[in-house]
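# Sequence and predicted structure, then a few things I'm wondering about:
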Number of protein chains: 2
Amino acid sequence: MATDREEITHFFTDLQDRICQALEDADGLGRFHEDHWERAEGGGGRTRIIQHGAVIEKGGVLFSAVHGPASEAVLNQMNTREPADFYATGVSIVLHPLNPMVPIIHMNVRYFELSTGVCWFGGGIDLTPHYVDADDARWFHQQLKTACDRHDPAYYPKFKTWADDYFFIRHRAETRGIGGIFFDYLRPENDEHKAALFAFVQEVGNTFAPTYTHFMRKNRSLPFGEAEKNWQMLRRGRYVEFNLVWDRGTKFGLETNGRTESILMSMPPQANWLYDHRPAPGSREEQTLNALRKGLDWV
Amino acid sequence: MATDREEITHFFTDLQDRICQALEDADGLGRFHEDHWERAEGGGGRTRIIQHGAVIEKGGVLFSAVHGPASEAVLNQMNTREPADFYATGVSIVLHPLNPMVPIIHMNVRYFELSTGVCWFGGGIDLTPHYVDADDARWFHQQLKTACDRHDPAYYPKFKTWADDYFFIRHRAETRGIGGIFFDYLRPENDEHKAALFAFVQEVGNTFAPTYTHFMRKNRSLPFGEAEKNWQMLRRGRYVEFNLVWDRGTKFGLETNGRTESILMSMPPQANWLYDHRPAPGSREEQTLNALRKGLDWV
């Protein structure tokens, strides 16, 4: 039997539950607050927000499943003008940690289908360390490569490059972080292929919690001072710039009357800007900037 | 003799000088730091930044005069495909005060011409109080109305409505602040008309310093506490959202390889986000939100 949207949706709701549990366990203090919302045109979501945790200062783990007539914007995106209904479901995560030595993380897995029969999967995981640590970067990319390789050895190199290109802050000529994997419009050719793509998306979703809680546990007690906090605030400013200026999902949501508070859960609790800040030559901050480039091979 | 671009450019450089002097005098502590930059394709600018003043926490007063072959983006904006050179000059200001009782202000005056003979003026001044005070709002709009009325009684109502429409944060369904005036593509029909439009733009430029230093002097010592600072940080978050998501000038600059540090001088020194923050019923914060609407008649 073909993988259907009910099965996919069920996996995503369960994934949200499991990830929230794993994050609360690793945090030890923070608890998710849930807002259940409905969309006038059809469907809705469960927005779960955590603030003031021991490790996570602010973040969200969001599930949504929305449907209705596909807007012109959606049809344009698919290069079609044929009117259709759409169904879209997914889980989105952004976590901003308190300790600058713990990286910011983003994950998304999503499924989209049109009543005309077209459907596709998308998603990815990427990491934005305030300070790039080469060992951490290698370990992170290795987790993603291992997950990808279980499904197709072509996935990791392809989706790693895609992440480099996608998470790029053009006006700064720097990547948002050390990247990860990003994929979109993965369209199944038949039932078997759909089941295989869904298995891969499940793998990506399931890779998130063990990967990020590893960094939460390992780095939560690393020492830092005012200098590191100041740098963290500037890096968060860059995160804001990427999400509001370049991130297609954010722009699409804000321009098409999405739920603003859910979309902007990705904003950090605090971000700073200094005019033309340049880190001292040879500093860890400068080393980090030098590592925010496309095409670095971490594994 | 027709108003030419040298005359306009000279006025703008002098305006920058006079405004910086007036702001330093009113601040008493902060001093502008100047970066002179050049554009590879032609022209350049003087970016003047003030940080850590007694009244102004962070801000910029920018002059630029750039020229070269008009990009496709510029030609599209003018509904033409005929290749041309362009010349663009202007002064742009954004100031973020330390005291939440002093409003954020933005001013821009600009002139643009194509080698095909087309030229136009644009600009405006708008105010973003962290707390809307009705007396201050009326006084502010009265200054702008007086300046407009000296040139054309139709200007204030028209440009006030334009500002309401332009400085609108669609995804929040709120205006950025209490507006002001905004105008663009004011195209002269003949030499006399060009001189008249330039006289109006000069009036707008000259209105800026006395208007804003009035608020700096009057409100700089008003008391505030942690609650007001927290609210200021959230309002600055909205300022960031408007500028990065909706402001055409910012988007155009970032997408066309403008000087990033000059464009993003509009970013506040610090901005905060809280999930789904709602001010207490009846609070001054709620009253402010209620005043961030289009179509309020302040004069």
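Great, that's in hand. Residues are numbered from 1 along each chain as shown, chains lettered A, B, ... in the order given.
# buried set for stretch A:223-241?
A:224, A:228, A:231-241 (16 or more other Cβ atoms under 10 Å in any protein chain shown). All C-beta atoms are positioned from the backbone trio N, CA, C, and that covers glycine.
# Could you confirm A:Ile125 falls within a strand?
Yes. A:Ile125 sits within a strand when classified using DSSP: H, G, I helix; E, B strand; the rest coil.
# Please report how far it lies from chain B.
22 Å (Cβ to the nearest Cβ, to the nearest Å).
# Just to check, that residue is in contact with A:Ile181?
Yes. A:Ile125 is within contact range of A:Ile181, at 6.1 Å (criterion: Cβ atoms under 8 Å).
# For the closest residue to A:Ala280 other than its chain neighbours, pull up the helix or strand it's in.
Distance criterion Cβ to Cβ, 6 or more residues apart in numbering or on different chains; nearest residue to A:Ala280, sequence neighbours excluded, is A:Glu286 at 6.6 Å. Assigned by DSSP states H and E, A:Glu286 belongs to helix A:284-290.
# Name the residues of that helix that are buried.
A:285, A:288.
# who's in contact with it?
Contacts with helix A:284-290, where a contact means Cβ atoms under 8 Å, 6 or more residues apart in numbering or on different chains, come from A:129-132, A:174, A:231, A:279-280.
# Can you pick out the ones from these that are in helices?
A:Trp231 (DSSP state H).
# Can you select the buried ones from the contacts of helix A:284-290 in ChimeraX?
Restricted to buried positions by 16+ other Cβ under 10 Å, the ChimeraX selection for those reads:
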select /A:129,130,131,132,174,231
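# Which of the contacts of helix A:284-290 fall in strands?
A:Glu174 (DSSP state E).
# would CSV of the contacts of helix A:284-290 with pLDDT and distance to A:Pro100 be doable?
CSV is the format used below for the contacts of helix A:284-290 (pLDDT from 0 to 100; distance: Cβ to Cβ, whole Å):
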residue, pLDDT, distance to A:Pro100
A:Pro129, 98, 9
A:His130, 98, 4
A:Tyr131, 98, 7
A:Val132, 98, 12
A:Glu174, 97, 18
A:Trp231, 98, 7
A:Pro279, 97, 14
A:Ala280, 97, 17
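# among the contacts of helix A:284-290, which two are most distant?
Using Cβ to Cβ, the pair of those lying farthest apart is A:Pro129 and A:Ala280, separated by 18.8 Å.
# lowest-confidence helix or strand of chain A?
helix A:72-77 (a mean of 80; mean pLDDT, DSSP states H and E).
# what's that one in contact with?
So helix A:72-77 is contacted by A:81-84, A:86, A:252, A:255-256 (Cβ under 8 Å, 6+ apart).
# at 10 Å instead, please
A:68-71, A:80-84, A:86, A:88, A:112, A:114, A:116, A:185, A:248, A:252, A:255-256 (Cβ atoms under 10 Å, 6 or more residues apart in numbering or on different chains).
# Just the buried positions in that helix, please.
A:74-75.
# Measure how far that helix is from the centre of its chain, please.
23 Å (Cα atoms, centre = their mean, to the nearest Å).
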